[in-house]
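give me a model of this one.
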Amino acid sequence: MTVYVNEYDGPGEPVLLLHGIGGSADSFTGQFAALSARHRVLAWDAPGYARSAAPQEAPRMTGYAATAAAVLRERDAVPAHVVGVSWGGVIATRLALEHPEVVRSLVLVDSTRGSGRTAEQAAAMRRRADELAEVGPDAFARARAPRLLSAEAPPELAERVATAMARSIRLPGYAYAAASMAETDHDDVLGRVSVPTLVIAGDRDVVTGVTESEAIAAAVPGARFEVIEGAGHLSNVECPEEFNRLVLEFLS
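Residues are numbered from 1 along each chain as shown. Here you go, the predicted structure:
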């Protein structure tokens, strides 16, 4: 399976960027310059997204983590700091749990313990694939994009997020991602995360919410918790300067 990786050769330790369920490597355009000034930066299109080939079967969360580990090993980028946004944060968590030798630290951004914590959340996540199949990527993205930002975000930013999402998502990749979230509940295993961890939440996040990030930070031993004021679910997109400052400070 071919996985596309956008790579920037910076002077320091490697950083792997894992996008959310509606994103791609391009979700981190606001991070590439700042992070690569100090680090070697890798950002993937997850399997079945954007420029990456679709898996032949559902990878499940374990499969996404194994593929991320392989990406790092193949590029001699082990161990890496791993930054995951939303679904990417869930993959990053599983990566740290199942392949701890490839992870130097974690940054979990507007993330979640998984959608399998309740039957209602799991069912809602699985329905997303049916909606995408019914309306297509353009309409799907335009319906979802505004909720990913704060109510105060400029319309042109919402338009940019919607356009990028429509270019990134397709079936079956999105359905596989949604299924991986629907079956995942990390509530009882976060205490086993053994690497330094930073948890970031946008204070206007209405998708996963500040309380979910607080729960993650409380469960991971020694985790640091930071809130970005004025940011919605995609805090790295809406407030890139503050996001980059927090991440670089943590990595240093």
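
tell me the pLDDT at Leu248?
pLDDT recorded at Leu248 is 98.

in the protein, where is pLDDT below threshold?
Scanning the chain for pLDDT under 70 picks out 1.

next helix or strand past the longest helix along it?
Residue-count comparison of every helix in the chain, with assignments taken from DSSP state H, identifies helix 119-144 as the longest. Scanning forward in sequence from helix 119-144, with DSSP states H and E defining helices and strands, the next element found is helix 155-168.

helices or strands up against the next helix or strand after that following helix?
Using DSSP H and E, the helix or strand that follows helix 155-168 in sequence is helix 173-182. Using 3 or more CB pairs under 8 Å, 6 or more residues apart in numbering; DSSP states H and E as the contact criterion, the secondary-structure elements in contact with helix 173-182 are helix 60-74, helix 87-98, helix 119-144. The way it works is simple: take the backbone N, C-alpha and C, and place the C-beta from them, glycine included.

Ser115: how many residues sit nearby?
Using other CB atoms under 10 Å, Ser115 has 26 other residues around it.

also Arg147?
Count around Arg147 with other CB under 10 Å applied: 13.

what about it, distance to Asp185?
As judged by CB to CB, to the nearest Å, Arg147 and Asp185 stand 23 Å apart.

highest average neighbour count across the helices and strands packed on helix 173-182?
Of the helices and strands packed on helix 173-182, the one with the most neighbours on average (mean count of other CB atoms under 10 Å) is helix 87-98, at a mean of 26.

one step back: okay, the angle between the longest helix of the chain and helix 173-182?
Between the axis of helix 119-144 and that of helix 173-182 there is an angle of 140 degrees, by axes from the mean of the first three to the mean of the last three CA atoms, to 10 degrees.

could you check the angle helix 155-168 makes with helix 119-144?
Compare the direction of helix 119-144 with that of helix 155-168 by the same axes, to 10 degrees and you get 110 degrees.

centre of the chain to helix 119-144, how far?
Between the centre of helix 119-144 and the centre of its host chain there is 18 Å, according to CA atoms, centre = their mean, to the nearest Å.

same check, this time on stretch 2-11
16 Å.

repeat that for stretch 184-198.
For stretch 184-198, the distance from its own C-alpha centre to the chain's C-alpha centre is 15 Å (CA atoms, centre = their mean).

check which residues of it are buried.
184-186, 190, 193, 195-198 (16 or more other CB atoms under 10 Å).

same question for stretch 156-164.
By neighbour count with 16+ other CB under 10 Å, stretch 156-164 contains the buried residues 157-158, 161-162, 164.

any chance of those in TSV with distance to Leu106 as columns?
Written out in TSV, the entries for these read as follows (distance: CB to CB, whole Å):
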residue	distance to Leu106
Leu157	27
Ala158	29
Val161	24
Ala162	29
Ala164	24
